[in-house]
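> structure for the following, please:
(one chain, ligands or ions: 1)
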Amino acid sequence: MLKLIACLSLAALPFGACSSQDTEKTPEAPPAKLRVLMLDGQNNHDWRKTTVATKATLEACGRFTVDVATSPAGRDAQEEWADWNPEFAKYDVVFSNYNDGGQCLWSEKTKQDLVDYVSGGGGLVIVHAANNSSGDWLEYNKMIAVGGWGGRTPQHGSHLRRVDGKWTTDPAPTEVSGSHGRQLEFVVESAGVPHPILEGVPDRWMHSTDELYDSLRGPCENVTVLASAYAPRSKRHEPVIMTIAYGEGRVFHTPLGHVGSDVPVHCVGFQTIVARGTEWAATGAVTLPVPKGFPSEDKISVIPPAKVVWKAE
Ligand code: ZN
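Numbers count the residues shown, from 1 in each chain. Next up, the predicted model:
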């Protein structure tokens, strides 16, 4: 009320004079929400459930608004595919929960729009089976660095390998291009690379029961592995958090997040890296804290998105 009175008494002053003298105690306005476009509609997983869970996480942390672009339903819908042209440029970041199974169904225009959007400085987020998508589209594979299944062969690129604690590539010409063992809890281990997404995140934390992809393969260009997990099937560390530079754009890629149940996508660790990774892809910085209830090295933490408290411990 005092501030209002002070403003009114200065009403005769030129525009702006009031605000310049009376803003000292005004709380800082929260940053504008980032606009996310989530892609779904094709997937060999329950994509509706994945969209509900990840959208809820992004909205609950308070940093994003989320629109969803659902693709045509089938491969035969030729006319619908020709018209499916999401307006990527209207958004701060595109979030893919979309897996066409290997053969890209998008029109050439829609493909080029995504290339132009990301290479021109846009953000892209890839979660779980989105990295199975479009094995036949080279630029997409450059954006995601590595992918699995979807017709990928050793000719499509290399595996990422941790050797003596450092990440390198391995052409692995006789090995598979995507696999996984049975679902399990596993420790996510930081690669020790300073990065805003992992600032304040414990170096080791227990992820709740999920599918751990191994032997992903691709161009591996401009990729940084931020965290990995030991996969009993491949008997190797496999990348679970990656960032990729594509032109002027930023890509955040996590192979985690298999939805059979909500357990892996309600893991507080998963929600943390997805929300912070999405913020980083959109802006190049992270303001979101590590929420309360983050898992420890030996104990999982599963909390529905609406109940996660996004305040620092
Ligand atoms: Zn899966």
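> how close does the residue nearest to Ala129 when sequence neighbours are not counted sit to the ion?
Excluding the flanking residues, the one nearest Ala129 by C-beta to C-beta, 6 or more residues apart in numbering is Asn99, at 4.2 Å. For glycine as for every other residue, the C-beta is placed from the backbone atoms N, C-alpha and C. Here the distance between Asn99 and the ion works out to 9 Å (C-beta to the ion, to the nearest Å).
> Asn99: neighbour count?
25 (other C-beta atoms under 10 Å).
> three-state assignment of it?
Following DSSP: H, G, I helix; E, B strand; the rest coil, Asn99 is assigned to coil.
> residue contacts, it?
Gln42, Asn43, Asn44, His45, Trp47, Ala129, Ala130, Asn132, Ser133, Gly150 (C-beta atoms under 8 Å, 6 or more residues apart in numbering).
> hmm, try it at 10 Å
39-45, 47, 127-134, 147, 149-150 (C-beta atoms under 10 Å, 6 or more residues apart in numbering).
> hmm, which of the residues you listed are the buried ones?
39-43, 45, 47, 127-134, 147, 149-150 (16 or more other C-beta atoms under 10 Å).
> what sits closest to Val126 if chain neighbours are left out?
Val isn't right for residue 126; it's Ile. His253 (4.2 Å).
> surely the one you found forms part of a helix?
No. In this structure, His253 is strand, not part of a helix, as judged by three-state DSSP.
> contact partners for the residue lying closest to Ser234 once chain neighbours are set aside?
Spatial nearest neighbour of Ser234, chain neighbours left out: Asp214 (3.8 Å); criterion: C-beta to C-beta, 6+ apart. Contacts here follow C-beta under 10 Å, 6+ apart; on that basis Asp214 touches 148, 159, 175-176, 178-181, 229-239, 255.
> give me the buried subset of these.
148, 159, 176, 178-180, 229, 231, 234, 236-239, 255.
> rebuild these as CSV, extending it with secondary structure.
Below are the buried ones among the contacts of Asp214 laid out as CSV (three-state DSSP):
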residue, secondary structure
Gly148, coil
His159, strand
Val176, coil
Gly178, coil
Ser179, strand
His180, strand
Ala229, strand
Ala231, strand
Ser234, coil
Arg236, strand
His237, strand
Glu238, strand
Pro239, strand
Pro255, coil
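> of those, closest to the ion?
His180 (7.2 Å; C-beta to the ion).
> what's the separation between that closest one and Pro30?
40 Å (C-beta to C-beta, to the nearest Å).
> cool, and Phe64?
On the measure of C-beta to C-beta, Phe64 and Pro30 end up 12 Å apart.
> what about these two, which has more around it?
Applying other C-beta under 10 Å to Phe64 and Pro30 shows that Phe64 carries more neighbours, namely 23 against 9.
> pLDDT value on the more buried one, please?
According to the prediction, Phe64 has pLDDT 98.
> repeat that for the one 10 residues further on.
The pLDDT attached to Gly74 in the predicted structure is 78.
> is the residue nearest to Ile126 bridged to anything, and to what?
Judged by DSSP bridges, the bridge partners of His253 are Ile126, Met242.
> contacting residues for it?
Contacts of His253 by C-beta under 10 Å, 6+ apart are 96, 124-128, 130-131, 143-147, 216, 223, 225-226, 239-244, 277, 281.
> helix, strand, or coil at the closest residue to the ion within the stretch 201-313 of the chain?
Among all residues of the stretch 201-313 of the chain, His258 sits closest to the ion, at 3.3 Å; criterion: C-beta to the ion. At His258 the chain is in coil, as set by three-state DSSP.
> how far away is the nearest residue to it once chain neighbours are set aside from Gly148?
Leaving aside its sequence neighbours, His258 sits nearest to Glu211 (C-beta to C-beta, 6+ apart; 3.7 Å). Separation of Glu211 from Gly148 (C-beta to C-beta): 11 Å.
> then Ser179?
7 Å.
> show me the common contact partners of these two, please.
Common neighbours of Ser179 and Gly148 (C-beta under 10 Å, 6+ apart) are Tyr213, Asp214, Ser215, Leu216.
> which ones among the contacts of His253 are found in strands?
Taking DSSP state E as the definition of strands, the contacts of His253 contribute 96, 124-127, 223, 225-226, 239-244.
> residues from this structure in reach of the ion?
Glu211, His258 (C-beta under 5 Å from the ion).
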